[in-house]
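**Q** What follows is a protein structure lacking sequence information:
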């Protein structure tokens, strides 16, 4: 049941942003409408925890990061894939967001900051790259990738 609720919730978020450019305006809108103080954000965090406990979300682990793709592109969330990672004081593998990345940082313990950002939504434009890093605590990071595209560089 929690898996179905999760997919319905991410579909509603993806539908809201489907035709929106990946930029600061999208980030502002996501934080205004679905931000950390909203019922949607609270429910999303709860469903990530349920998915982890039930084993259908973040079923893999490498380098201190639990991860997994919950939704493939072209399905429930439109052209977006939906992935969730759990990171605690760790730096992840370098990658490029060929079409961009839309993410939500959901703190679990401590005062985690993902790439220097606290709880809430972020948007990285097409061609952006980074080593995803969480410092100061433990967090879920849910991210949507247009067409599911991500390129790990090995750097």
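**A** Received it, and whenever you're ready, just let me know what you need. Quantities reported herein were computed from a predicted structural model and do not represent experimental measurements.

**Q** could you pull out the helices for this structure?
**A** Along the chain, the stretches classed as helices by DSSP state H are 2-17, 24-34, 39-54.

**Q** Out of the ones you listed, which gets nearest to residue 121?
**A** Residue 121 sits nearest to helix 24-34 of all the helices of the chain, at 3.8 Å, using Cβ to Cβ. Backbone N, C-alpha and C define where each C-beta goes, glycine included.

**Q** Mind giving me the packing neighbours of the least confident helix or strand in the chain by mean pLDDT?
**A** Across the helices and strands of the chain, mean confidence by mean pLDDT, DSSP states H and E is lowest for strand 151-152: a mean of 91. If you count contacts as 3 or more Cβ pairs under 8 Å, 6 or more residues apart in numbering; DSSP states H and E, strand 151-152 packs onto strand 95-97.

**Q** and the strand it packs on, what does it pack onto?
**A** By 3+ Cβ pairs under 8 Å, 6+ apart, strand 95-97 packs against strand 128-130, strand 151-152.

**Q** mind checking which of the helices of the chain is nearest residue 73?
**A** Each of the helices of the chain was scored for nearness to residue 73 using Cβ to Cβ, and the closest is helix 2-17 (10.0 Å).

**Q** outside of the closest one, which residues touch it?
**A** Helix 2-17 has contacts (Cβ atoms under 8 Å, 6 or more residues apart in numbering) with 26, 29-30, 33-34, 40, 43-44, 47-48, 50-51, 54, 56-57, 70-71, 76-78, 80, 82, 102, 142, 144.

**Q** quick one, that helix and helix 24-34 angle?
**A** 130 degrees (axes from the mean of the first three to the mean of the last three Cα atoms, to 10 degrees).

**Q** Now do the same for helix 2-17: mean pLDDT, whole number.
**A** Summarised as a single mean, pLDDT over helix 2-17 is 94.
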